[in-house]
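Participant: no sequence for this one, just the structure:
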Ligand code: E4P
């Protein structure tokens, strides 16, 4: 399963990319607005940090302008993936950009019927928003299960299921169980995946016992090592 990070915050991206666990980035106009920076500058900077696809969303709503925006975004870096909304004009733009060899992420998907249309339009990724479905009292994960099943019936579709609007580790694990291709995680959710109280407690106990042995794997006492590093 691929992990994308759902943020336009360059400092967060640098920090998380250093883990070696980040396969791509997704942004949206709201995330870009939070940074207070120029959209094009932010996209270019992110593309220089992460090798994988970086989703950058068009903001026009008509096909002609979306296409022009998509082409401009795609020209910024080779790893830009143009994000378009799931509207008739968005899917028309998806088809045109895909035909030109540009990767396209179709966003704001809330139904299986919409996901089917996106696959037919040649989307690289379909982004169903599970958290926002949960928020209105439906089960977002049911939509993921449905789309995964539908796409599996048609091997000619290469569209990957990118689970979006992820609220916590439970969504990531459920998405993985269902065989979703990608989950895009807010930084806090990616960090939360590491955590388990028994890991912390176990590590504390191991380190306390190790300290009692007075040994050092690198052949110097930990005190000496610390003073050499600080010198
Ligand atoms: C996905 O690409 C979207 O940017 C994102 O996952 C939306 O999440 P939200 O519902 O938390 O805003």
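Facilitator: Good, I have the coordinates. This one's a predicted model, so the numbers in the text were calculated from it and none came from an experiment. Numbers count the residues shown, from 1 in each chain.
Participant: and residue 155, that one's in a strand?
Facilitator: No. Using DSSP: H, G, I helix; E, B strand; the rest coil, the assignment for residue 155 is coil, not a strand.
Participant: can you tell me how far it sits from residue 119?
Facilitator: Taking Cβ to Cβ, to the nearest Å as the measure, residue 155 falls 11 Å from residue 119. Glycine gets a C-beta too; all of them are placed from N, C-alpha and C.
Participant: With residue 151 instead?
Facilitator: 6 Å.
Participant: got the buried residues for the helix or strand where residue 71 lies?
Facilitator: Element membership for residue 71 (DSSP states H and E) is helix 63-74. Neighbour counts over helix 63-74 (16 or more other Cβ atoms under 10 Å) mark 63, 66, 67, 69, 70, 71, 73, 74 as buried.
Participant: Can you tell me which of the residues you listed is closest to residue 202?
Facilitator: residue 73 (46.1 Å; Cβ to Cβ).
Participant: Thought residue 60 was touching the closest one, still the case?
Facilitator: No. Using Cβ atoms under 8 Å, residue 73 is not in contact with residue 60, being 11.3 Å away.
Participant: Quick one: name the residues of the protein near the ligand.
Facilitator: 6, 26, 28, 107, 127, 129, 131, 132, 164, 165, 184 (Cβ under 6 Å from any ligand atom).
Participant: how many neighbours does the second one have?
Facilitator: For residue 26, the number of neighbouring residues by other Cβ atoms under 10 Å comes to 26.
Participant: Reformat the buried residues of helix 63-74 as CSV; add pLDDT.
Facilitator: Putting the buried residues of helix 63-74 into CSV (pLDDT from 0 to 100) gives the following:
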residue, pLDDT
63, 98
66, 98
67, 98
69, 98
70, 98
71, 98
73, 98
74, 98
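Participant: Dump those to JSON lines, plus distance to residue 175.
Facilitator: Shown next, in JSON lines, are the buried residues of helix 63-74 (distance: Cβ to Cβ, whole Å):
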{"residue": "63", "distance to residue 175": "31"}
{"residue": "66", "distance to residue 175": "28"}
{"residue": "67", "distance to residue 175": "31"}
{"residue": "69", "distance to residue 175": "30"}
{"residue": "70", "distance to residue 175": "27"}
{"residue": "71", "distance to residue 175": "32"}
{"residue": "73", "distance to residue 175": "27"}
{"residue": "74", "distance to residue 175": "27"}
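Participant: Got the domain ranges for the chain?
Facilitator: Using automatic domain parsing, the domain ranges for the chain come out as 2-192, 197-230.
Participant: Out of those domains, which is the most enclosed?
Facilitator: When those are scored by mean count of other Cβ atoms under 10 Å, the highest mean neighbour count falls to domain 2-192 (a mean of 19).
Participant: What is the end-to-end distance of that domain?
Facilitator: Terminal residues of domain 2-192 lie 17 Å apart, using Cα to Cα, to the nearest Å.
Participant: likewise stretch 83-94?
Facilitator: End-to-end distance (Cα to Cα), stretch 83-94: 9 Å.
Participant: And for stretch 126-142?
Facilitator: End-to-end span of stretch 126-142 (Cα to Cα): 15 Å.
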